[in-house]
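Student: sequence? don't have it. structure:
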């Protein structure tokens, strides 16, 4: 009887082929799961491209594409993204791809969400080998994507495109890269160096898109790198040194800050979320509660769960440092508010993301497991809560404001009428707080109408707070626009005539004898008599 002899070389080749096929299968599964969850996230959180900060960035993009589009008060169209290449990047994509800007923004929005979820999957793949834990982690993050980050006035991810749409996945990839570089797994040396290259490249891209969030991402990476060390002295002394350096930098900024003008101070006081003392009790709980939960993960056995424990420790150390910085140097009564301007507590964004990942992994690995019914019930309930919250935030707008769709919002309809029926050189005035008026849903007038307007108190107030050179001009026009819909026509003319305003947009119930060429249930658009 013949005996089959298998050579060691044949066995080695078979094992290598099996390993390659296994990795391909894992890659297909990960891409499939992440893609499905990205569509799930889009369905839950909706899309509102011209709302909130999304509108501000679109104004900057449009001005980059068409420099003559906002001929008056132009400084407020270019101030917000002045430290970032984000608007230049998106404008270049639109110009060279010849893709409609609205369509391009939607594509960028979806890709940024997909990349964020994929980066989260990569992170969890180094923390756990159990498929249920990885799926649960990324699924909970996808469900919580628009969760507010305590009182910082940011979300985990926005339902529109901003510079954070790119800096967020880059920050997560940077953490994944440093984890890969210092992993205890038996990885080839080239794989580790690829991790370091990924970390550095992701930080560079983040810095080009959003320098402030990139600076905080660098802090996360440095702390994580130290926490991954096997030497306890390196972990303790290195971390203490970085915390001291952060405090020293904050003190240096404060001591060398220029004097603030009264107008600049007025603008800064409109940013109540800069100051921890202004946060509500539940926003402060939004700091404490995640840290307590993460402390449970940080207390696990370091030798057995090195990556997860190091991430949890990083997610505690960074926000605690930010809290100390805020309490010492970012107070509302400080001699300067430059530290508050840096918004150190926005470092909580990654803390919240890791909290979602760890809780989701625990949920998936220890409760849901392979029970499809449990997965369906739990995530249907969680998704319903987030969907309801989104509808409460944008009650008068469609859930999906897709490119080319007919708007439901009455204010947006009025802004579009302005775009089609008024001169491009026109200058508009609106109530200074129009963006928080009932039914307005934070839709940006300039971005939608492509017309110049006097700076408002809400969003343009942020530009004035961030850029002292704009503060004086911003403060001068606030009185003319405050309560514009409640004023008499005489008061409107007296306040707006010296500013060269041609048109006003008033609430639908405002009393006026001006010639109003458009009106609906929410607003009316009128031309001022002295500039017909």
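Tutor: Alright, I've got the coordinates. Only a predicted model underlies this, so the values are computations on that prediction, with no experimental measurement involved.
Student: contacting residues around stretch 492-508?
Tutor: Stretch 492-508 is touched from outside by 72, 414, 418, 422-423, 426-431, 434, 437, 445, 454, 477, 479-481, 484-485, 487, 512, 514, 519-531, with contacts defined as C-beta atoms under 8 Å, 6 or more residues apart in numbering. (C-beta placed from N, C-alpha, C; glycine too.)
Student: Give me the buried subset of those.
Tutor: 72, 414, 418, 422, 426-431, 434, 437, 445, 454, 477, 480-481, 484-485, 487, 514, 519, 522-528 (16 or more other C-beta atoms under 10 Å).
Student: Tell me which of those fall in helices.
Tutor: Using DSSP state H, 414, 418, 445, 477, 480, 481 are the members of those that sit in helices.
Student: which one of these is nearest residue 113?
Tutor: Closest approach to residue 113 among those (C-beta to C-beta): residue 445, at 26.8 Å.
Student: My read is that the closest one contacts residue 455, right?
Tutor: No. Applying C-beta atoms under 8 Å as the test, residue 445 and residue 455 come out as separate, 11.1 Å apart.
Student: which stretches of the stretch 1-150 of the chain have low pLDDT?
Tutor: For the stretch 1-150 of the chain, applying pLDDT under 70 flags the ranges 1-22, 80-81.
Student: Recalculate using a threshold of 80.
Tutor: Counting by pLDDT under 80, the ranges of the stretch 1-150 of the chain that qualify are 1-24, 26, 78-83.
Student: can you pull out the strands in it?
Tutor: With DSSP state E, counting those that start in this stretch as the definition, the stretch 1-150 of the chain shows no strands.
Student: repeat for the stretch 351-500 of the chain
Tutor: With DSSP E, counting those that start in this stretch, the ranges of strands along the stretch 351-500 of the chain come out as 427-430, 452-453.
Student: In CSV, list these along with distance to residue 380.
Tutor: Compiled in CSV, these are given as follows (distance: least, C-beta to C-beta, whole Å):
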stretch, distance to residue 380
strand 427-430, 41
strand 452-453, 43
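Student: how about these in TSV, adding mean pLDDT and distance to residue 63?
Tutor: TSV is the format used below for those (pLDDT from 0 to 100; distance: least, C-beta to C-beta, whole Å):
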stretch	mean pLDDT	distance to residue 63
strand 427-430	96	16
strand 452-453	95	11
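Student: closest to residue 279 out of those strands?
Tutor: Of all the strands of the stretch 351-500 of the chain, strand 427-430 sits nearest to residue 279, with 29.1 Å by C-beta to C-beta.
Student: what packs against that closest one?
Tutor: Applying 3 or more C-beta pairs under 8 Å, 6 or more residues apart in numbering; DSSP states H and E, one finds that strand 427-430 contacts helix 445-449, strand 452-453, helix 468-481, strand 503-507.
Student: which stretch among the ones you listed comes nearest residue 260?
Tutor: Nearest to residue 260, of the helices and strands packed on strand 427-430 and by C-beta to C-beta, is helix 468-481 at 7.1 Å.
Student: so where's this structure shaky on pLDDT?
Tutor: If you take pLDDT under 80 as the line, the chain has these spans: 1-24, 26, 78-83, 183-188, 302-304, 530-532.
Student: mind giving me the domain ranges of it?
Tutor: 23-248+352-393, 410-441+451-531 (automatic domain parsing).
Student: Would you confirm that residue 145 contacts residue 157?
Tutor: Yes. The criterion here is C-beta under 8 Å, and residue 145 meets it with residue 157 at 4.6 Å.
Student: what is in contact with those two at once?
Tutor: Counting by C-beta under 8 Å, 6+ apart, the common neighbours of residue 145 and residue 157 are 113, 116.
Student: picking that back up, can you put the domains of the chain in a markdown table and add distance to residue 303?
Tutor: Output for the domains of the chain, formatted as a markdown table (distance: least, C-beta to C-beta, whole Å):
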| stretch | distance to residue 303 |
| --- | --- |
| domain 23-248+352-393 | 9 |
| domain 410-441+451-531 | 46 |
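Student: Residue 261 is nearest to which of these?
Tutor: So among the domains of the chain, domain 410-441+451-531 is nearest, using C-beta to C-beta, at 6.2 Å.
Student: Find the nearest non-adjacent residue to residue 97, please.
Tutor: Nearest residue to residue 97, sequence neighbours excluded (C-beta to C-beta, 6 or more residues apart in numbering): residue 104, at 6.8 Å.
Student: tell me the contacts of the one you found?
Tutor: Contacts of residue 104 by C-beta under 8 Å, 6+ apart are 90, 93, 94, 97.
Student: ok, these vs residue 193, which is closest?
Tutor: residue 93 (30.5 Å).
Student: Around that closest one, count how many other residues there are.
Tutor: Residues near residue 93, counting by other C-beta atoms under 10 Å, number 16.
Student: residues contacting residue 528?
Tutor: 492, 493, 496, 497, 501, 502, 503, 504, 514.
Student: what does residue 332 give?
Tutor: With C-beta under 8 Å, 6+ apart, residue 332 has these contacts: 275, 277, 278, 340.
Student: run the last query once more with 7 Å
Tutor: Each residue near residue 332 by C-beta atoms under 7 Å, 6 or more residues apart in numbering is listed here: 275, 277, 278.
Student: Is it possible to get JSON lines of these that adds secondary structure?
Tutor: Below are the contacts of residue 332 laid out as JSON lines (DSSP: H, G, I helix; E, B strand; the rest coil):
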{"residue": "275", "secondary structure": "coil"}
{"residue": "277", "secondary structure": "helix"}
{"residue": "278", "secondary structure": "helix"}
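Student: Show the buried residues in those.
Tutor: residue 275.
Student: now, among the contacts of residue 332, which is nearest to residue 241?
Tutor: Distance ranking of those against residue 241, using C-beta to C-beta, places residue 275 first at 28.0 Å.
Student: wait, isn't that closest one in contact with residue 339?
Tutor: No. In this structure residue 275 lies outside contact range of residue 339 using C-beta atoms under 7 Å: 10.4 Å.
Student: list residues touching both of these two?
Tutor: In contact with both residue 275 and residue 339: residue 330, using C-beta under 7 Å, 6+ apart.
Student: Could you report the distance from residue 239 to residue 224?
Tutor: Distance check for residue 239 against residue 224: by C-beta to C-beta, to the nearest Å, it reads 10 Å.
Student: Who has more neighbours out of those two?
Tutor: Neighbour totals were compared for residue 239 and residue 224, and residue 224 leads with 24 against 19 (other C-beta under 10 Å).
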